[in-house]
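In: Sharing a sequence plus its predicted fold:
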Amino acid sequence: MEGFVSFTTPTPRLSFPSLNPTPTHLFRRSLPHSNSVLFSPIRSQLGESEDGSTSISAVKEDAEVALKVKEWEVGMFHNEVAATQGIRIRRRPPTGPPLHYVGPFEFRLQNEGNTPRNILEEIVWHKDVEVSQLKEKKPLGTLKKALDNAPPARDFIGALIAAHERTGLPALIAEVKKASPSGGILREDFDPVEIARAYEKGGAACLSVLTDEKYFKGSFENMEAIRSAGVKCPLLCKEFIIEAWQIYYARSKGADAILLIAAVLPDLDIKYMTKICKRLGLAALVEVHDEKEMDRVLGIEGIELIGINNRNLDITQLFTCHFCLSTETFEVDISNTKKLLEGERGQKIREKDIIVVGESALFTPDDIAFVQEAGAKAVLVGESIVKQSDPGKGIAGLFGKDISL
Ligand SMILES: O=P(O)(O)OC[C@@H](O)[C@@H](O)c1c[nH]c2ccccc12
């Protein structure tokens with residue numbers, strides 16, 4: 001991934017030195033976004049011996065190629081379905097960008113189809129590679145077996161309702177967040193367990209733990225450590241979920257809830273994944289950014305928690321990602337929460353008894369009051385509290401009073 005992503009250079013970039021056995025004839029199919037260069041097959045790379053006979057490794061490679069073709073077809077199908085639902089985040093071309101050969105070298109031509117269009121797309125494409133590798137180490141069967149003996153998940157939604165009833169304020173999901181692509185490192189002396197304890201003491205109902213390593217400097221180890229340190233608040237695994245396997249994995253690492261991002265997942269995935277969550281006793285926080293995503297999610301049965309992210313993914317304001325080459329936007333506007341809860345949408349949410357979580361860019365008691373007034377019964381806050389020397393006191397500052405009592 002790192003080797004080929006660039007948001008600014010439209011010209012070919014060279015990526016040396018891999019001379020890996022990429023199935024070159026795969027690209028004879030006309031990839032919709034590729035530059036459609038046809039390759040002359042390189043014999044040794046296709047597993048053909050000098051006399052033209054096919055070796056065992058060639059047969060194995062053929063099977064791999066067939067699998068890659070299948071994956072590619074599924075990926076393309078996914079993108080088509082996603083596009084009909086207005087989803088702009090595409091699935092990564094499974095083989096990565098097409099390879100081109102000049103003499104002994106391979107290089108990759110960048111184009112619209114093989115270059116992520118924004119930071120979220122880049123994260124998701126990177127996640128795709130990461131998940132494939134993790135899955136090989138821990139196949140679903142192994143994960144499921146491990147879950148047979150796992151302690152039960154804690155009641156995430158119940159904890160939110162109880163806190164809201166107790167304080168009369170939005171329940172707090174406090175985020176254990178070391179860094180973000182837009183903010184860079186938020187806290188240098190980052191001890192996840194210490195921060196989690198401080199949040200719990202400060203009155204947080206639940207915690208959100210970032211597990212993405214590359215872009216948010218989080219980890220599953222952090223979540224496991226918090227859980228095994230005896231912190232009682234239910235834990236939201238803040239991960240970019242693109243495959244059901246990740247839900248089982250999150251559960252095996254101590255998650256009580258997971259995040260499903262509507263900008264990334266088509267309706268059918270959201271439906272299917274919510275069902276898996278129910279079966280595993282996990283809560284699913286479904287995140288939306290705009291009216292269109294909200295309407296899609298309101299059309300899906302069985303959704304209990306909707307997060308409205310005030311961070312806009314559209315490219316209107318530029319920033320440079322601290323951990324990648326991306327230059328783009330994460331504009332924040334808390335009136336987004338209000339906008340998405342107005343009129344019929346708000347009505348439907350109340351009828352369905354859905355709990356709304358106001359997410360991102362909440363810094364002051366006025367911000368909390370604003371999203372509460374709009375209809376949020378919970379808030380998800382990271383930056384403003386994690387940056388405080390005592391994150392527990394940061395909570396009191398955020399709410400304008402001690403909410404631990
Ligand atoms: O640090 P903030 O602005 O308080 O935001 C917290 C949380 O909403 C944000 O981290 C977030 C919301 N949705 C996400 C999806 C993935 C990663 C992170 C996020």
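Out: Alright, I've got the coordinates.
In: Which residues in stretch 158-169 does the neighbour count mark as buried?
Out: Along stretch 158-169, these residues count as buried under the neighbour rule (16 or more other Cβ atoms under 10 Å): A159, L160, A163, H164, T167, L169. Backbone N, C-alpha and C define where each C-beta goes, glycine included.
In: An error on my part: the question was meant for stretch 165-184.
Out: Neighbour-count burial for stretch 165-184 flags 167, 169-182 (criterion: 16+ other Cβ under 10 Å).
In: what distance separates it from the middle of the whole chain?
Out: Per Cα atoms, centre = their mean, to the nearest Å, the displacement of stretch 165-184 from the mean C-alpha position of its chain is 17 Å.
In: is that stretch up against the ligand anywhere?
Out: Yes: for stretch 165-184, a contact with the ligand is found by Cβ under 6 Å from any ligand atom, at E175, K177.
In: mind checking the end-to-end distance for that stretch?
Out: One end of stretch 165-184 sits 36 Å from the other (Cα to Cα, to the nearest Å).
In: average model confidence for it?
Out: Stretch 165-184 shows a mean pLDDT of 95.
In: R88: which of the buried residues of stretch 158-169 is nearest?
Out: For the buried residues of stretch 158-169, the minimum distance to R88 (Cβ to Cβ) is 30.0 Å, reached by L160.
In: sec struct for the closest one, please.
Out: Look at L160: counting by DSSP: H, G, I helix; E, B strand; the rest coil, its state is helix.
In: Would you convert the buried residues of stretch 158-169 into CSV that also reports distance to N149?
Out: Formatted as CSV, the buried residues of stretch 158-169 follow (distance: Cβ to Cβ, whole Å):
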residue, distance to N149
A159, 24
L160, 28
A163, 30
H164, 33
T167, 36
L169, 38
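In: Narrow the buried residues of stretch 165-184 to those in strands?
Out: Counting by DSSP state E, the buried residues of stretch 165-184 place A171, L172, I173, A174, E175, V176, A179, S180 in strands.
In: so what's the fourth one up against?
Out: For A174, the contacting residues are Y199, G202, A204, C206, L207, S208, V381, G382, I385, P391, I395, taking Cβ atoms under 8 Å, 6 or more residues apart in numbering as the criterion.
In: Over to the fifth one?
Out: Residues near E175 by Cβ under 8 Å, 6+ apart: L207, S208, V209, L210, K238, L380, V381, G382, I385, V386.
In: contacts with the ligand among those residues, please.
Out: Answer for the contacts of E175 near the ligand (Cβ under 6 Å from any ligand atom): K238, L380, V381, G382.
In: biggest separation within those residues, which pair?
Out: Counting by Cβ to Cβ, the most remote pair of these is K238 and V381, 12.4 Å apart.
In: Kindly report the residues of the chain close to the ligand.
Out: Within reach of the ligand by Cβ under 6 Å from any ligand atom, the chain has these residues: 175, 177, 238, 287, 309, 359-362, 380-384.
In: Need those in JSON lines (columns: distance to D189 and secondary structure).
Out: Converted to JSON lines, these look like this (distance: Cβ to Cβ, whole Å; DSSP: H, G, I helix; E, B strand; the rest coil):
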{"residue": "E175", "distance to D189": "17", "secondary structure": "strand"}
{"residue": "K177", "distance to D189": "14", "secondary structure": "coil"}
{"residue": "K238", "distance to D189": "21", "secondary structure": "strand"}
{"residue": "E287", "distance to D189": "29", "secondary structure": "strand"}
{"residue": "N309", "distance to D189": "28", "secondary structure": "strand"}
{"residue": "E359", "distance to D189": "25", "secondary structure": "strand"}
{"residue": "S360", "distance to D189": "23", "secondary structure": "coil"}
{"residue": "A361", "distance to D189": "24", "secondary structure": "coil"}
{"residue": "L362", "distance to D189": "23", "secondary structure": "coil"}
{"residue": "L380", "distance to D189": "23", "secondary structure": "strand"}
{"residue": "V381", "distance to D189": "20", "secondary structure": "strand"}
{"residue": "G382", "distance to D189": "16", "secondary structure": "coil"}
{"residue": "E383", "distance to D189": "16", "secondary structure": "helix"}
{"residue": "S384", "distance to D189": "17", "secondary structure": "helix"}
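In: Noted, bye for now.
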